[in-house]
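>>> Test case, fold it:
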Amino acid sequence: NDLDMLVCKRSGNMIETKISHGIVVIDTDPEFDARNFRKNDAVNNLIQQILMKEKSPLFFIDGDRNVISLPLDFNCGASCGTSEQGLEEIFDQAKPAIAAALPSVEERRTDAVSYEEGQKVLSYVMNESALTQEARAWLWHHRFGHLAFRDVTKLGLGITKAPNCDCAICDKKGFKRGPHPRRPVFTMYTKPPYHQVSIDGFGGQESYGCKSYGGAVGGFVFACAGTGAIDVKLYAERSQFPRLFKQYLHEVMARDYMIRMVCCDCDPALISVSEMEPIFAEYGIIWSLSSPGSPQENGFAENAVKRVKETSRAMMLSAPHLNPNMWGAALKYACAVIFIKPLRGNNDKSPYECVNGRPAPLKSMFFRVFGAPCQWKPLDSPKNVNDPRTVDGYYLGKEGHFSSAVLIYCLERKKIFRVSPRKVRVHE
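Alright, predicted model coming up:
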């Protein structure tokens, strides 16, 4: 039997071989990469020795004893057996593929592969002086740990032209988001009244320290993008948003306007699909959501929250004698005050004038100092002739846009009452 085997195995960076005369078969394991294995200079010298001196053909086989005919592109399998008949059959099949199995001399020189603990590392010799300006900039960009291209030109290496492109590694090492520029004042309120409304929520999680009078823990802000009008709906639970939104929608319709677009963030309470989509479909409203993690895109509503909070905070600080749970009344009164304040974006017109087409009649709207002591006449008739005709209280603002009643906190009964302004005298 003149058929022998070549045992070729790799141990780290060393290739151990045992050569005999006859047919040479390299039997490999499943992880063996024949293409890169045969580009190694040591392996090619071994192959040349076998083919030229030993006069022995060389071929690779897979686990099914089939000769791999595609040169330099195979992943070999397990052993094939060593019987004489099996090797003769394989040798007959391998004859056409043996001539094309070896890579050319040029390919071996250009694609040298070094093995380190089983990893393939490509290496080549580079002539830095022959590189272009952009290529040298990329080279030093990598050498200095992805230095900024504008700083590469300052190294004094003669690099004057830096690439005008982005680097994925630079984004991964420290990504900086783009700016959110502020809109010019003259473009803020250019839409029709209530055509677009921005919504945002605030409060909750005991951010106010206590529940408001009535049990509210937070509120939803509705900001008109066409006039700057702000309205606040207080909530005890965030699940109340669909009902509060429909209430606000009916108030807008009472002014002979219609909401066509609603902008909000991705707050789960604001995007309840099962409850909000039927409302939008019924009234023909488009739903626009800002990107997750980018509250700047809903900046109009965020700014409305800031404005109404600042106004209500000033009112509460000016009335330290009030119970802290009156913050809900301060928020509602702040919305009424903002509704008649002139805005630069409206050419110094108030939202009231933009909505109604006339200036606000301030003298007849009964705006007074929040928390000021007052005297008010209750509905109950006095029991005795000498009983007082009025009751002590504190002024807590107006009830809303569609009512002339004011809110009075009764010191005697510890409750808030709706009272006609004709029955109230505020001692400011």
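
>>> Which residue, other than its chain neighbours, is closest to residue 322?
Spatial nearest neighbour of residue 322, chain neighbours left out: residue 371 (5.1 Å); criterion: C-beta to C-beta, 6 or more residues apart in numbering. Bear in mind the C-beta positions are built from the backbone N, C-alpha and C, glycine included.

>>> Remind me what the one helix or strand residue 197 maps to packs against, helices and strands.
Counting by DSSP states H and E, the element that carries residue 197 is strand 196-203. Helices and strands touching strand 196-203, as assessed by 3 or more C-beta pairs under 8 Å, 6 or more residues apart in numbering; DSSP states H and E, comprise strand 218-224, helix 241-254, strand 261-264, helix 299-318.

>>> Deepest-packed of those, please.
For the helices and strands packed on strand 196-203, the largest average neighbour count (mean count of other C-beta atoms under 10 Å) is found in strand 218-224, namely a mean of 26.

>>> Paired strands for the helix or strand following that one, with orientation please.
Using DSSP H and E, the helix or strand that follows strand 218-224 in sequence is strand 230-235. The pairing partners recorded for strand 230-235 under DSSP bridges are strand 218-224 (antiparallel).

>>> now the angle between helix 241-254 and the strand it pairs with, please.
Relative orientation of strand 218-224 and helix 241-254, computed by axes from the mean of the first three to the mean of the last three C-alpha atoms, to 10 degrees: 30 degrees.

>>> what sits up against strand 218-224?
Contact with strand 218-224 is made by 193-194, 196-204, 207-208, 229-235, 238, 241, 244-245, 248, 270, 300-301, 303-305, 308, 328, 331, 351, as judged by C-beta atoms under 8 Å, 6 or more residues apart in numbering.

>>> now those: which count as buried?
The neighbour count (16 or more other C-beta atoms under 10 Å) marks 193-194, 196-203, 208, 229-235, 238, 241, 244-245, 248, 270, 300-301, 303-305, 308, 328, 331, 351 as buried among the contacts of strand 218-224.

>>> any weak-confidence spans in the stretch 251-400 of the chain?
Scanning the stretch 251-400 of the chain for pLDDT under 70 picks out nothing.

>>> and of the helices and strands packed on strand 196-203, who's closest to residue 163?
Closest to residue 163 of those is helix 299-318 (C-beta to C-beta; 34.6 Å).

>>> In CSV, could you pull the C-alpha coordinates for that closest one?
Taking Å, rounded to 0.1, in the frame of the first residue of the first chain, the C-alpha atoms of helix 299-318 are listed here in CSV:
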residue,chain,number,x,y,z
GLY,A,299,-40.7,73.0,23.8
PHE,A,300,-43.9,75.1,23.4
ALA,A,301,-45.7,73.1,26.0
GLU,A,302,-42.6,72.9,28.2
ASN,A,303,-42.4,76.7,28.1
ALA,A,304,-46.1,76.9,29.0
VAL,A,305,-45.5,74.8,32.0
LYS,A,306,-42.7,77.1,33.1
ARG,A,307,-44.7,80.2,32.7
VAL,A,308,-47.8,79.0,34.5
LYS,A,309,-45.6,77.6,37.4
GLU,A,310,-43.7,80.8,37.8
THR,A,311,-46.9,82.9,37.9
SER,A,312,-48.6,80.6,40.4
ARG,A,313,-45.5,80.4,42.5
ALA,A,314,-45.3,84.1,42.8
MET,A,315,-48.9,84.2,43.9
MET,A,316,-48.4,81.6,46.6
LEU,A,317,-45.2,83.4,47.9
SER,A,318,-47.2,86.7,48.1
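
>>> now the helices: where do they sit in the chain?
Here the chain has its helices, by DSSP state H, at 34-37, 41-48, 84-98, 105-110, 133-143, 149-152, 168-173, 241-254, 273-283, 299-318, 327-340, 351-356.

>>> any chance of the ones you listed in TSV, plus distance to residue 412?
Shown next, in TSV, are the helices of the chain (distance: least, C-beta to C-beta, whole Å):
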stretch	distance to residue 412
helix 34-37	94
helix 41-48	102
helix 84-98	107
helix 105-110	98
helix 133-143	78
helix 149-152	73
helix 168-173	67
helix 241-254	32
helix 273-283	42
helix 299-318	23
helix 327-340	18
helix 351-356	35
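
>>> now for those helices, which one comes closest to residue 385?
That would be, of the helices of the chain and by C-beta to C-beta, helix 327-340, which comes in at 35.0 Å.

>>> and that closest one with helix 299-318, angle?
Counting by the same axes, to 10 degrees, helix 327-340 lies at 120 degrees to helix 299-318.

>>> Contacts for helix 327-340, please.
Outside helix 327-340, the residues that touch it by C-beta under 8 Å, 6+ apart are 208, 212-214, 216, 219, 228-232, 234, 307-309, 311-313, 315-316, 350-352, 360, 362, 365, 367, 370, 396-401, 407, 416.

>>> And for stretch 392-404?
Contacts for stretch 392-404 (C-beta under 8 Å, 6+ apart): 231, 251, 254, 319, 321-322, 326, 329-330, 332-333, 336, 339, 365-376, 405-412, 416-418, 420-421, 424, 426.

>>> buried residues in it?
Judged by neighbour count using 16+ other C-beta under 10 Å, the buried positions of stretch 392-404 are 393, 394, 395, 396, 397, 398, 399.

>>> from those, which ones fall inside strands?
The strands in this structure, assigned by DSSP state E, contain 393, 394, 395, 396, 397, 398, 399 from those.

>>> hang on, isn't residue 246 packed against residue 279?
Yes: judged on C-beta atoms under 8 Å, residue 246 makes contact with residue 279 at a distance of 6.2 Å.

>>> May I have stretch 224-244 exported as CSV, CA atoms only?
Extracted C-alpha coordinates of stretch 224-244, given in CSV (Å, rounded to 0.1, in the frame of the first residue of the first chain):
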residue,chain,number,x,y,z
CYS,A,224,-52.4,77.3,22.0
ALA,A,225,-49.6,77.7,19.5
GLY,A,226,-51.5,80.5,17.6
THR,A,227,-52.2,82.9,20.5
GLY,A,228,-50.1,81.7,23.5
ALA,A,229,-53.2,81.0,25.6
ILE,A,230,-52.7,78.5,28.4
ASP,A,231,-55.2,76.4,30.3
VAL,A,232,-54.6,73.9,33.1
LYS,A,233,-56.7,70.9,34.0
LEU,A,234,-56.0,69.4,37.4
TYR,A,235,-56.0,65.7,37.9
ALA,A,236,-56.1,63.3,40.8
GLU,A,237,-55.0,60.4,38.6
ARG,A,238,-53.2,60.5,35.2
SER,A,239,-55.8,58.2,33.7
GLN,A,240,-58.3,61.2,33.7
PHE,A,241,-56.6,62.8,30.7
PRO,A,242,-59.0,61.6,28.0
ARG,A,243,-62.0,63.2,29.9
LEU,A,244,-60.0,66.4,30.6
